[in-house]
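S.K.: Here is a sequence together with a model predicted from it:
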Amino acid sequence: MALIQIRGLRKRFGDGDVIHGIDLTIEEGEIFGLIGPDGAGKSTLIRMLAGILEATEGEISLRGIDAIRDYEEVRSLVGYMPQTFGLYGPLTVEENLRAVARIHGVKGAEFKKRTERLYQFSGLGPFRDRRAAQLSGGMRQKLGLSCVLVHEPHILLLDEPTVGVDPVSRREFWEILHALAAQGSTILISTPYLEEAERCHRIAFLREGRILEVLDPRELKARFPYATCDIYAPAIRSLLARLQKRLAPPVAFLSGDRIHLICEKEVVDSGKLEQTVKKLSTKDARIKETTPTVQDLYFILEQRGNVV
Amino acid sequence: MWSDHFRRIAAIAHIETLLILRDKRSLGLAFIIPLLLLVLFGSSLSYDVKNIPLAIWDQDRTPASRALIAAFRGSPYYRIVALKEGYPDLINDLERGKTIVVMVIPYDFEKRLNRGEEAKVQFILDGTDSTTAGISLNYIQGIMNKHNLALQREEVRQGTGLPLDLAIRVWFNPEMESRNFIVPGLIAVILMIIAALLTSLTLAREWESGTMETLLSLPIRPIEVVIGKVIPYCAIGMINITILLFASRFIFQIPIRGSIPLLYLFASVFTIGVMGLGIFISGVAKRQVLATQLAVITTLLPANLLSGFIFPIRNMPPILQGISYFVPARYLIHALKGIFLKGIGISILYPSLLLLAAFAIFIMWLAARQVPRQIKEKRG
């Protein structure tokens, strides 16, 4: 069942469109990832879904509610977590949770039950009496998420919740999200990290306010036909020019002291790349294969129009 | 439905209370500053001029001239600093600021009095400080009138002169102590500054800490946010009112002739309104430093200048008189003076109370409009 339906959504700021007519459907129980660089419009899109930013044009339906017209109603339905969740620093972990819960009308035994559960999976239990201002970045984000979860929303809208969070906390955070999805929550999450995209059920690439592609990340990994590598060599500038002439790779550019190159997988696998580099440069030239990043995907998207 | 409103208001009030309690320094200032201001201003702000230095040149040296000098010596307003011979000496004293008033009694003073002619006395005043000069002029006239009356009575007894006597009674403040009307006015000014200053932090703090976006994403109404925020400050306001009333009564000995509950009622309605103003300013400024500065400017100036606290409203040009109707401190000062000194009650003061209540409701509405429900500016 389509839980979130977006049609022709447009957002104009001043005289430029930040979101250029987006259509998107998200199913119930899905973890849907929004991937894109800064300024792609991820936050703008999420804010419009959360009803805190007015859309210029288009329709948003959340569980049948018109999110643009009835934006106040949306607030009880969704749990929205901004990039940095505004916590009351002088208040303790539990006081922050209680404040949000009381506004939502969660109190008494119900509040106790829910906070215990939240403490359990956030690991914040031992810190319940610590002031929010004294929490680490990872703990702050977990508390933010707990505040969002305390009213048990059907839809979670998370805006780059793992930016600035250490890798361990990040993994824990994703475990929490998967547990929630298993319980039936629908999650829309934005992230600049490609490795996180792989944890989503589906992802959409967002760039300059447009969705370039929507796909299943497992499919992406299996079918991504490109290899990415860094090349270290002397006389790097002339090497780049000659490589471009000889191999015509989709993407090759200077990045500091090395060449960053994206090319078809078989070019690397067949050893053609290595031979070419050795021929054009000295014996010292070194090729280091890298794991594709979201940035690499964009380069390919820009060049070829699709990823797989 | 109503219980939902109350629950959300209570939640906001609870947050704000915790924020206040955790900021001990601001809390301390909230109680110390009003008392400090009251004591400082209350003791230094006085229109009563006493012990004005007076230099005298008595050319006559007769019982009549000495009687006149005695009249001045007996007055608390004058202190005779010098008895001189000749103008150069007197002028010198005046120039050096050793004296402010010079009195010269001419040679024929007693002679003319005895002949029933008009006897003249010369006064020279230092007019650089026009307030003091004006006040001492009043005192001179007062003392001279009294002396004239004494002389007239003497003549009446002897069968001459006019049997005209003045029966002047000053009501409500018989000693015409200026602190009796300064202190009630000061209470209004201090309440206004403190209330606006305290609440000017509220919304700006939410903007700065990012919790405004949290509030934005929660199902809560702007008016609930504003009311919830005002509640804990009302408690501080009531304590402040109590401190100020105690200080007025027991430090400054201001009589409280009217009803104390009525004083509280007026002061609280006024304080709530000004707190709404502080929240409004806070929401407009969005930054705590700017908000506090705006709060001080927008309350200090009108409360001092346009409320009738320092300058009588009826002496103002018509435009300023018009503006003063929009300065809520005006109504509180009017009511406080009435309750403190005249002992008048609600039957006379209700228009002021209604206006203060209207101001409070209007400003709360304005403040609520500063709590956004959707983001307006571009971000992200």
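M.R.: Cool, the structure landed.
S.K.: quick one: the strands in chain A?
M.R.: Residue ranges of the strands in chain A, as given by DSSP state E, are A:2-13, A:16-27, A:31-35, A:57-62, A:65-66, A:78-81, A:155-159, A:186-191, A:202-207, A:210-215, A:226-232, A:251-255, A:258-264, A:286-290.
S.K.: got JSON lines for the ones you listed, with mean neighbour count too?
M.R.: Every residue, glycine included, has its C-beta placed from N, CA and C. Formatted as JSON lines, the entries for the strands of chain A read as follows, by neighbours: other C-beta atoms under 10 Å in any protein chain shown:
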{"stretch": "strand A:2-13", "mean neighbour count": "18"}
{"stretch": "strand A:16-27", "mean neighbour count": "18"}
{"stretch": "strand A:31-35", "mean neighbour count": "24"}
{"stretch": "strand A:57-62", "mean neighbour count": "18"}
{"stretch": "strand A:65-66", "mean neighbour count": "15"}
{"stretch": "strand A:78-81", "mean neighbour count": "26"}
{"stretch": "strand A:155-159", "mean neighbour count": "25"}
{"stretch": "strand A:186-191", "mean neighbour count": "25"}
{"stretch": "strand A:202-207", "mean neighbour count": "22"}
{"stretch": "strand A:210-215", "mean neighbour count": "17"}
{"stretch": "strand A:226-232", "mean neighbour count": "20"}
{"stretch": "strand A:251-255", "mean neighbour count": "14"}
{"stretch": "strand A:258-264", "mean neighbour count": "21"}
{"stretch": "strand A:286-290", "mean neighbour count": "13"}
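S.K.: how about the strands in the stretch 101-250 of chain B?
M.R.: Counting by DSSP state E, counting those that start in this stretch, residue ranges of the strands within the stretch 101-250 of chain B are B:101-105, B:122-125.
S.K.: Please work out which of the ones you listed is packed deepest.
M.R.: strand B:101-105 (a mean of 22; mean count of other C-beta atoms under 10 Å in any protein chain shown).
S.K.: name the element B:Ile56 belongs to?
M.R.: Applying DSSP states H and E as the criterion places B:Ile56 in strand B:52-58.
S.K.: Quick check: which helices or strands does that strand pack against?
M.R.: The criterion is 3 or more C-beta pairs under 8 Å, 6 or more residues apart in numbering or on different chains; DSSP states H and E, and the helices and strands that strand B:52-58 contacts are helix B:63-73, strand B:78-83, helix B:87-96, strand B:101-105, helix B:130-157.
S.K.: 10 Å instead, please
M.R.: Helices and strands in packing contact with strand B:52-58 are listed as helix B:63-73, strand B:78-83, helix B:87-96, strand B:101-105, strand B:122-125, helix B:130-157; criterion 3 or more C-beta pairs under 10 Å, 6 or more residues apart in numbering or on different chains; DSSP states H and E.
S.K.: Tell me the strands beside the fourth one, with direction?
M.R.: Translated: strand B:101-105. Taking DSSP bridges as the criterion, strand B:101-105 forms sheet pairs with strand B:52-58 (parallel), strand B:122-125 (antiparallel).
S.K.: got CSV for these, with mean pLDDT too?
M.R.: Formatted as CSV, the entries for these read as follows, by pLDDT from 0 to 100:
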stretch, mean pLDDT
strand B:52-58, 91
strand B:122-125, 90
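S.K.: Turn the ones you listed into a markdown table, including distance to B:Pro312.
M.R.: Written out in a markdown table, the entries for the strands paired with strand B:101-105 read as follows (distance: least, C-beta to C-beta, whole Å):
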| stretch | distance to B:Pro312 |
| --- | --- |
| strand B:52-58 | 23 |
| strand B:122-125 | 23 |
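S.K.: I'd like to know which helix or strand in chain A has the lowest mean pLDDT.
M.R.: The weakest-scoring helix or strand in chain A, judged by mean pLDDT, DSSP states H and E, is helix A:217-223 (a mean of 71).
S.K.: Good, wrapping up.
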